[in-house]
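Novice: Got a predicted structure here, sequence first:
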Amino acid sequence: GTAYIDGAFVPMSEAKISVLDWGFLHSDATYDVVHVWKGRFFRLDSHIERFLRSADRLRLTLPVSPGELARILAECVARSGFQDAYVEMVLTRGASPTFSRDLRDARHQLICFAIPFGWILRPEQREAGLSIVLSDIRRIPPDSVDPTVKNYHWLDFVMGLYDAYDRGAQSAVLTDAGGNLAEGPGFNIFTVRQGRIATPDRGVLRGVTRQTAIALAAELGFPLEERLVAAAEALAADEVFVTSTAGGIMPVTRINAAAVGAGRMGPVTRALLEAYWARHDDPAWS
Ligand code: PLP
């Protein structure tokens, strides 16, 4: 892949940051991820918009204009030569040139890169669906770090992933103190029961794919509620699916080792998944 760092394009292996960067030392950074499919960005404006909002909330200043950012991302993709790419933009607090501890002296650092779109599920994996656990590990309480700011505070997710691995599953969904669903490492969750879709609305990132799924559900006429969703609802659901830029819409067919519904991709998930990929051929969504 190709990276953009310190104002220049370099091969991924040459993209390096200082160990004094506050992004590295204190997770003092924000980021966003967008994907390119068959040579075209999908919902780039929404990702740039969220990135700018996150930066603003964290008092990070983008050193280039939004238009220039879009051009840099496109150039990372073009230089990498990938038709399908995972494209990340990162803004860190950086470090102070004088090693001062005053954050206001730090030089904010923009890093962008394009790597192969490797997380996407192959068709047979997609049919089989994901196996996840509902973890007792708590997602960061919404009042400590605003969850709608895309952040690298992932230690709860990392512990959740090990919880999943220990239990023979692929990933985990964390819960809140009241036993409600939150989200997983890099994805939002949806449940379907008797044709009605529900997704958590508190303490979760406003995923761009989550928003796409909500829009597609409305177009396809599926009733959908954004509300508190009890973990027990996922266990009793006919279908469960997760959404992310990295994986699109993905069925969950096992939770805590038990089958979800019939144990295979259900009709609502399939309809949304097909509509999602069909949108990738529509220039209005690029
Ligand atoms: N939730 C969290 C915590 C995430 O980090 C991500 C993406 O990385 C998502 C949800 C999914 O968001 P999106 O659909 O915008 O990729």
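Specialist: Yes, it's here.

Novice: host element of the nearest residue to residue 259 once chain neighbours are set aside?
Specialist: Among residues not flanking residue 259 along the chain, residue 253 sits closest, at 6.7 Å (C-beta to C-beta, 6 or more residues apart in numbering). Quick note: C-beta positions are derived from backbone N, CA and C, even for glycine. For residue 253, the host element (DSSP states H and E) is strand 248-255.

Novice: so where do the helices sit in the stretch 1-150 of the chain?
Specialist: 22-26, 44-57, 66-80, 123-128 (DSSP state H, counting those that start in this stretch).

Novice: for the shortest one, packing partners?
Specialist: For helix 22-26, the packing partners by 3 or more C-beta pairs under 8 Å, 6 or more residues apart in numbering; DSSP states H and E come out as strand 85-92.

Novice: which residues are in contact with the strand it packs on?
Specialist: 1, 17, 21-24, 28-36, 41, 47-48, 51, 55, 60, 62, 69, 73, 76-77, 108-119, 245-246 (C-beta atoms under 8 Å, 6 or more residues apart in numbering).

Novice: List, one by one, the residues from the protein near the ligand.
Specialist: Applying C-beta under 6 Å from any ligand atom, we find that the chain lies next to the ligand at 33, 183, 186-188, 205, 207-210, 243-245.

Novice: what sits against the residue of the chain most remote from its centre?
Specialist: In the chain, the residue that sits farthest from the middle, by C-alpha atoms, centre = their mean, is residue 98; the gap is 35.0 Å. For residue 98, the contacting residues are residue 105, by C-beta under 8 Å, 6+ apart.

Novice: Tell me who's in contact with the spatially most central residue of the chain.
Specialist: Among the residues of the chain, the one closest to the centroid is residue 186, at 4.0 Å (C-alpha atoms, centre = their mean). Residue 186 makes contact with 157, 244, 246, according to C-beta under 8 Å, 6+ apart.

Novice: Where is pLDDT lowest across these?
Specialist: Least confident of these in the model: residue 246, at 91.

Novice: Please verify my assumption that residue 218 contacts residue 225.
Specialist: No: shown here, residue 218 and residue 225 do not form a contact pair, counting by C-beta atoms under 8 Å, at 12.0 Å.

Novice: Which pLDDT value does the model give the closest residue to the ligand within the stretch 51-200 of the chain?
Specialist: Closest approach between the stretch 51-200 of the chain and the ligand, counting by C-beta to the nearest ligand atom: residue 186, at 3.9 Å. For residue 186, the model assigns a pLDDT of 95.

Novice: Likewise for the one 4 residues further on?
Specialist: Among the per-residue scores, residue 190 shows a pLDDT of 98.

Novice: and it, what does it touch?
Specialist: Residues in contact with residue 190, defined by C-beta under 8 Å, 6+ apart, are 197-199, 213, 240-243.

Novice: Now list the buried members of the contacts of strand 85-92.
Specialist: Those of the contacts of strand 85-92 that meet the buried threshold are 1, 17, 21-24, 28-36, 41, 47-48, 51, 55, 60, 62, 69, 73, 76-77, 108-115, 117, 245, by 16 or more other C-beta atoms under 10 Å.

Novice: And the closest residue to residue 95 other than its chain neighbours, how close does it get to residue 86?
Specialist: Of all residues not flanking residue 95 in the chain, residue 20 sits nearest, at 4.1 Å (C-beta to C-beta, 6+ apart). As for residue 20, its distance to residue 86 is 27 Å (criterion: C-beta to C-beta, to the nearest Å).

Novice: more neighbours, the two?
Specialist: Per other C-beta atoms under 10 Å, whichever of residue 20 and residue 86 has more neighbours is residue 86, with 20 against 12.

Novice: so what's the more buried one bridging to?
Specialist: Note on residue 86: beta-bridge partners by DSSP bridges are residue 35, residue 115.

Novice: May I ask you to confirm that residue 268 is in contact with residue 239?
Specialist: Yes: contact criterion C-beta under 8 Å: residue 268 and residue 239 qualify, at 5.5 Å.

Novice: Just want to know which of the two has more residues nearby.
Specialist: A direct count of neighbours by other C-beta under 10 Å for residue 268 and residue 239 places residue 239 higher, at 25 against 22.
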